[in-house]
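Undergrad: Next input, structure requested:
(one chain, ligands or ions: 3)
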Amino acid sequence: MNWYEKTVIKVGLLGLGTVGTGTAKVLFDTAGRHPLLEEIEIYRIGVRSLDKERSVNLPKGILTTDLESITTAPEVDIVVEVLGGLEPARSLILKAIENGKHVVTANKAVISRYGDEIFTAANAAGVYVMLEAAVGGGIPVIQPLKQALSVNRIQAVTGIVNGTTNYILTRMQAEGSDFDEVLADAQQLGYAEADPSADVDGLDAADKIAILASLAFGGRIKLQEVYSEGIRSVSQADIAYADKLGFVIKLLAIAQRTQPTSALSVRVHPTLVTRSHPLASINGVYNAILIEGEPLGQVMFYGPGAGAGATASAVVSDIMNVAAVLKTRSDQVQTQFNPLLACSHQDYCAIAPMAELTTRFYARFLTKDRPGVIGKLGTCFGNYGVSLESIVQIGLQGDLAEIVVVTHDVREGNFHLSLDEIHTLEAVDSIPSVLRVL
Ligand SMILES: NC(=O)C1=CN([C@@H]2O[C@H](COP(=O)(O)OP(=O)(O)OC[C@H]3O[C@@H](n4cnc5c(N)ncnc54)[C@H](OP(=O)(O)O)[C@@H]3O)[C@@H](O)[C@H]2O)C=CC1
Ligand SMILES: N[C@@H](CC=O)C(=O)O
Ligand code: NA
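TA: Numbers count the residues shown, from 1 in each chain. Ligands and ions are numbered 1, 2, ... in the order given. Prediction:
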């Protein structure tokens, strides 16, 4: 059959949870959207339970628990994986590719770990694997990086890419709310991963920055080389001190190349961001990704980073992009990829160790309340070339003095050596927090 004659493109949907339901709702309600959507039909939907109540009206017999049959059905053109988790998602994606299906996925966990295997298989099979929903939820950022921005030499990608943690930090900052209570709300709103520690411990953001770095810097990224630190250590005391010093605390995901030929720094950590920075005002479930490149300069993408409708918008845009290729292809056999849709990186990017990072730091110390302690801290910092931007003693915690320090740019390895020496001072009780400053 000639692809020009095809008027129905069939989608096999794996998963009908938050994202799957949002996707089905858009595909069942096409009025007022792009006319190409009218040519896209859901063939089957794979779920775990056939008895669960669903918030979308479904044609009879469309649900199945036999997910593999969807990936092999000759009728299906595009398999949409919105199951989450590593398995069976990875195996089903590979099965779909093996059977010549194009794949759309929202699964950053699978792509960041098995992207190598998946894209190698897809390129060999002549199919596309699309992942707009995997980063920034509804925000178009994957396609812009592959297309409009690929003209640029990218220098840095700095993002708030996890909706759950941004929602938690925003409410902790605005209302002084309790961490566990706000996390439960984020879960109830459908923002969090099935295991929310992926959000809270920075792992979801690490998956996403690995994907963004790969596209921005043109090489594969080994996930285990991405440094990640979550928000469990962020306390109300640090939020209050940051506020007094003119900062807000955000979980940032950063991929940066300081010199054209240098190794990349790819990392996720809670960060003090000065209130005037564009990322400081991104609140709630919203995400933003600030990209810096030459010759463009800075561009920032902003929008809802999680949730059913927003994520469905990204999933369906990928389905449409593949559908457009299928409709305009003159031959059923793939002869050439569209280089602005496919992913063909072969080499790995070199990643710099964290000790080599140059950044500012915020640190909070509890010390004995006696004269000369600040001088001793200053000497330890001076021994390792750590220069201080500010040092303040605001209050007491019991009979201990609380001292907060913000440094100028320093090599991370040197800063940690100075902390090691400070730990040995008799006057120092503890160092409850150390955070980086953008
Ligand atoms: N939620 C969000 O805002 C966003 C999510 N994502 C990503 O989208 C993906 C899906 O997330 P989300 O919709 O929130 O997840 P949910 O947990 O809400 O939904 C998962 C769906 O997959 C089905 N499912 C899961 N495992 C199996 C299995 N082994 N066999 C059969 N069916 C299975 C479930 O079936 P049943 O309904 O029967 O239980 C359910 O329908 C994840 O990769 C997530 O990271 C990306 C961006 C935003
Ligand atoms: N759990 C994720 C969902 C979207 O990717 C988040 O909170 O950002
Ligand atoms: Na996106």
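
Undergrad: rest of the way, CA atoms for contacts and neighbours
TA: Noted.

Undergrad: helices and strands around the lengthiest helix in the chain, which ones?
TA: Using DSSP state H, we find that the single longest helix of the chain is helix 308-328. The contact analysis (3 or more CA pairs under 8 Å, 6 or more residues apart in numbering; DSSP states H and E) places helix 308-328 against helix 18-28, strand 102-105.

Undergrad: Against which helices or strands is the longest one packed?
TA: In this structure, helix 18-28 packs against strand 40-46, helix 308-328, with contacts taken as 3+ CA pairs under 8 Å, 6+ apart.

Undergrad: Format those as JSON lines; extra columns: mean pLDDT.
TA: Putting the helices and strands packed on helix 18-28 into JSON lines (pLDDT from 0 to 100) gives the following:
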{"stretch": "strand 40-46", "mean pLDDT": "98"}
{"stretch": "helix 308-328", "mean pLDDT": "95"}
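
Undergrad: Make TSV from the ones you listed and add distance to residue 393 and mean neighbour count to it.
TA: Formatted as TSV, these follow (distance: least, CA to CA, whole Å; neighbours: other CA atoms under 10 Å):
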stretch	distance to residue 393	mean neighbour count
strand 40-46	59	21
helix 308-328	45	21
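
Undergrad: what would those look like in TSV with distance to residue 400?
TA: Formatted as TSV, those follow (distance: least, CA to CA, whole Å):
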stretch	distance to residue 400
strand 40-46	59
helix 308-328	48
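
Undergrad: Quick one: closest of these to ligand 2.
TA: Of all these, it is helix 308-328 that lies closest to ligand 2, at 7.8 Å by CA to the nearest ligand atom.

Undergrad: Output the helix or strand that comes right after that closest one in PDB with nothing but the alpha carbons.
TA: Counting by DSSP states H and E, the element after helix 308-328 in chain order, helix or strand, is strand 358-368. What follows is strand 358-368, C-alpha atoms only, in PDB (Å, rounded to 0.1, in the frame of the first residue of the first chain):
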ATOM      1  CA  THR A 358      33.800  26.400  39.800                       C
ATOM      2  CA  THR A 359      30.800  27.800  41.700                       C
ATOM      3  CA  ARG A 360      29.800  29.900  44.600                       C
ATOM      4  CA  PHE A 361      28.700  28.200  47.900                       C
ATOM      5  CA  TYR A 362      26.400  28.900  50.800                       C
ATOM      6  CA  ALA A 363      27.200  27.100  54.100                       C
ATOM      7  CA  ARG A 364      25.700  27.200  57.500                       C
ATOM      8  CA  PHE A 365      27.800  26.400  60.600                       C
ATOM      9  CA  LEU A 366      26.800  25.800  64.200                       C
ATOM     10  CA  THR A 367      29.700  26.900  66.500                       C
ATOM     11  CA  LYS A 368      30.500  27.700  70.100                       C
END
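
Undergrad: list the buried ones in strand 358-368?
TA: Residues 358, 360-368 are the ones in strand 358-368 that count as buried (16 or more other CA atoms under 10 Å).

Undergrad: For these, which two are the farthest from each other?
TA: Using CA to CA, the two most remote members of the buried residues of strand 358-368 are 358 and 368, lying 30.5 Å apart.

Undergrad: Tell me the residue in the chain that is farthest from the middle.
TA: Going by CA atoms, centre = their mean, the residue of the chain most distant from its centre is residue 371, 46.0 Å out.

Undergrad: re the thing from before, switch the buried residues of strand 358-368 over to JSON lines; also include pLDDT and distance to ligand 1.
TA: Shown next, in JSON lines, are those (pLDDT from 0 to 100; distance: CA to the nearest ligand atom, whole Å):
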{"residue": "358", "pLDDT": "94", "distance to ligand 1": "32"}
{"residue": "360", "pLDDT": "98", "distance to ligand 1": "31"}
{"residue": "361", "pLDDT": "98", "distance to ligand 1": "31"}
{"residue": "362", "pLDDT": "98", "distance to ligand 1": "32"}
{"residue": "363", "pLDDT": "97", "distance to ligand 1": "33"}
{"residue": "364", "pLDDT": "96", "distance to ligand 1": "34"}
{"residue": "365", "pLDDT": "96", "distance to ligand 1": "37"}
{"residue": "366", "pLDDT": "96", "distance to ligand 1": "39"}
{"residue": "367", "pLDDT": "96", "distance to ligand 1": "43"}
{"residue": "368", "pLDDT": "94", "distance to ligand 1": "46"}
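
Undergrad: can you confirm residue 259 is in a strand?
TA: No - according to DSSP: H, G, I helix; E, B strand; the rest coil, residue 259 belongs to no strand; its state is coil.

Undergrad: At the contact with ligand 2, which residues of the stretch 301-438 of the chain appear?
TA: Listed as neighbours of ligand 2 in the stretch 301-438 of the chain under the rule CA under 6 Å from any ligand atom: 305-306.

Undergrad: Now the stretch 301-438 of the chain against ligand 3: closest residue?
TA: Residue nearest to ligand 3 within the stretch 301-438 of the chain (CA to the ion): residue 314, separated by 5.8 Å.

Undergrad: mind checking how far that residue is from ligand 1?
TA: Remark: distance between residue 314 and ligand 1 (CA to the nearest ligand atom, to the nearest Å) = 9 Å.
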